[in-house]
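Trainee: got a structure for you, letters missing:
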């Protein structure tokens, strides 16, 4: 039986054009069936008077960790898996209520979570899963204790984080190939590789380059054979250049980049998915980690300015990790973009531009169709805001009060009208 929703009298931001239009929108099942001038569509079913409010595509976070955002590092290493997964399920519902109808998961055990959401068992955003983080020994995804011995890939002695699908240690071309293929076997829409040092990791330095070019290329070949791409965690120019030379399509973070490397990203038409990090985003347990975080924050402005100068294809994500109390601030990172972009550029980035980035998954796209836009035939993922977000981007920072209507896949999840 067909399900129809008619939303009348709304100011429509379509995700791509700065100019808005007043109109009515007819949703048939999970797609936008018709957009027309106010009062020209008649339909049976659910009818919503939008009262002239601002309608826009659902938000997209292109670097979210559905499992790791709501669990601490100690949870990851020691807690029962059912406990941590239940927390992830609850957080998925909260993520949707913040207006995020789609996320690209940048690593973690979320295949079951995605299935539960897709089957309607629990509410949550669409998930583009990466599967286990793939890391070298001593890399950003190595969560082993110091007393754990290194082991050849394929040994039966897997660590807890490997067993639950959070991260896997793969050294050498063969090991990386197997790890990438296994993530694809389990349903990954893209592959996530750790090719540089990080803040939260225990054994590396921020300036480290990780993985040899041939190892990165092994993951790229496995992904390309499956019709998709590789995204990499990396900060420094040398490691970014190596990843691009190996065929990577999405650079995650990149805050310590220099001008020559940004020009290379632009010339090769590679995506850069950044985060507007600030010092108060996270407080790390050691002074060394806090200093690494400070270094990233100090270089954020330069990276964004270079990205604008070279007109790089720019995505946006939050990358909130291991701090459950901080997930409620997901929307605040949208407002931080005001330091470099106008409101229209920001709105397009967190809807249409991010959707284009996610579409790199090609034949592995779990949701083939148009996301991040309001147009006929696109998925019916949309938000109704109580005022014009093009005039005040900070409205999105308070979703509880300012988001009046949330529709994902043609289903109403919130209606305060």
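Mentor: Arrived safely, thanks for sending. Here the structure is a predicted model, which means the values were calculated and not measured.

Trainee: you'd agree residue 333 is up against residue 280?
Mentor: No: taking contacts as CB atoms under 8 Å, residue 333 lies outside contact range of residue 280: 11.8 Å. Bear in mind the C-beta positions are built from the backbone N, C-alpha and C, glycine included.

Trainee: which one's more surrounded, the two?
Mentor: residue 333 (21 against 9; other CB atoms under 10 Å).

Trainee: and the more buried one, what does it touch?
Mentor: 275, 276, 316, 318 (CB atoms under 8 Å, 6 or more residues apart in numbering).

Trainee: could those residues go into CSV alongside pLDDT and neighbour count?
Mentor: What follows is the contacts of residue 333, written out as CSV (pLDDT from 0 to 100; neighbours: other CB atoms under 10 Å):
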residue, pLDDT, neighbour count
275, 94, 22
276, 93, 23
316, 98, 25
318, 95, 27
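
Trainee: farthest-separated two in these?
Mentor: 276 and 318 (9.2 Å; CB to CB).

Trainee: helix or strand for the residue lying closest to residue 8 once chain neighbours are set aside, just tell me which one.
Mentor: In space, residue 8 comes closest to residue 24 once its chain neighbours are excluded; the distance is 4.9 Å by CB to CB, 6 or more residues apart in numbering. Using DSSP states H and E, residue 24 sits within strand 21-28.

Trainee: averaged pLDDT, the very next helix or strand once past that strand. What do you get?
Mentor: Using DSSP H and E, the helix or strand that follows strand 21-28 in sequence is strand 31-36. Averaging pLDDT along strand 31-36 gives 97.

Trainee: can you check stretch 124-141 too?
Mentor: Mean predicted lDDT for stretch 124-141 stands at 94.

Trainee: just how off-centre is it within its chain?
Mentor: Relative to its parent chain, stretch 124-141 has a centroid offset of 12 Å by CA atoms, centre = their mean, to the nearest Å.

Trainee: residue boundaries of the helices in this protein?
Mentor: 73-78, 81-97, 111-118, 160-163, 173-186, 213-225, 237-245, 259-268, 287-309, 332-335, 343-348, 354-358, 399-402 (DSSP state H).

Trainee: minimum distance to residue 413: which of the ones you listed has it?
Mentor: The nearest among these, by CB to CB, is helix 81-97 at 6.0 Å.

Trainee: just the buried residues of that closest one, please?
Mentor: 84, 85, 87, 88, 89, 91, 92, 94, 95, 96, 97 (16 or more other CB atoms under 10 Å).

Trainee: so how far is residue 356 from the nearest residue to residue 311 once chain neighbours are set aside?
Mentor: In space, and not counting its chain neighbours, residue 311 is closest to residue 266: 6.4 Å by CB to CB, 6+ apart. Applying CB to CB, to the nearest Å, the value for residue 266 to residue 356 is 16 Å.

Trainee: what does the pLDDT read for the residue nearest to residue 294 when sequence neighbours are not counted?
Mentor: Once flanking residues are discounted, residue 294 sits nearest to residue 279: 6.6 Å by CB to CB, 6+ apart. We have a pLDDT of 75 for residue 279.

Trainee: the residue lying closest to residue 253 once chain neighbours are set aside: neighbour count?
Mentor: Among residues not flanking residue 253 along the chain, residue 235 sits closest, at 5.4 Å (CB to CB, 6+ apart). Close neighbours of residue 235, defined as other CB under 10 Å, add up to 28.

Trainee: the one 3 residues further on too?
Mentor: By other CB under 10 Å, 15 other residues sit near residue 238.

Trainee: please renumber the chain so that the first residue is 24 from this point on.
Mentor: Fine by me, first position is 24 from now on; the one you just mentioned is residue 261.

Trainee: quickly list what the residue nearest to it when sequence neighbours are not counted is bridged to.
Mentor: Closest residue to residue 261 apart from its sequence neighbours, by CB to CB, 6+ apart: residue 232 at 5.2 Å. Per DSSP bridges, the residues bridged to residue 232 are residue 219.

Trainee: which regions of the stretch 274-423 of the chain sit below the pLDDT cut-off?
Mentor: 305-306 (pLDDT under 70).

Trainee: relative to residue 213, how far out is the residue nearest to the spatial centre of the chain?
Mentor: By CA atoms, centre = their mean, the chain has its centre lying nearest to residue 85, at 2.3 Å. For residue 85, the distance to residue 213 equals 11 Å [CB to CB].

Trainee: overlap in contacts, these two.
Mentor: With CB under 8 Å, 6+ apart as the test, residue 85 and residue 213 both reach residue 127.

Trainee: per-residue pLDDT, the residue nearest to residue 276?
Mentor: 95.

Trainee: measure it to residue 357 for me?
Mentor: Residue 258 is 22 Å from residue 357, by CB to CB.

Trainee: try residue 77
Mentor: 15 Å.

Trainee: could you export the buried residues of helix 104-120 as TSV, including distance to residue 395 and pLDDT?
Mentor: What follows is those, written out as TSV (distance: CB to CB, whole Å; pLDDT from 0 to 100):
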residue	distance to residue 395	pLDDT
107	30	95
108	28	95
110	28	96
111	24	96
112	25	97
114	22	98
115	19	98
117	21	98
118	16	98
119	16	98
120	19	98
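
Trainee: can you count the residues close to residue 130?
Mentor: 32.

Trainee: for the closest residue to it other than its chain neighbours, give me its contacts.
Mentor: Closest residue in space to residue 130, ignoring its immediate chain neighbours: residue 156 at 3.8 Å, by CB to CB, 6+ apart. Contact partners of residue 156, counting by CB under 8 Å, 6+ apart, are 130, 131, 163, 164, 189, 190, 191, 215, 217, 256.

Trainee: and the residue nearest to the second one when sequence neighbours are not counted, what pLDDT?
Mentor: Nearest in space to residue 131, with sequence neighbours left out and distances taken as CB to CB, 6+ apart, is residue 90 at 3.8 Å. Looking at residue 90, its pLDDT is 96.

Trainee: I figured residue 90 hits residue 111, correct?
Mentor: Yes: taking CB under 8 Å as the definition, residue 90 is a contact partner of residue 111 at 4.6 Å.
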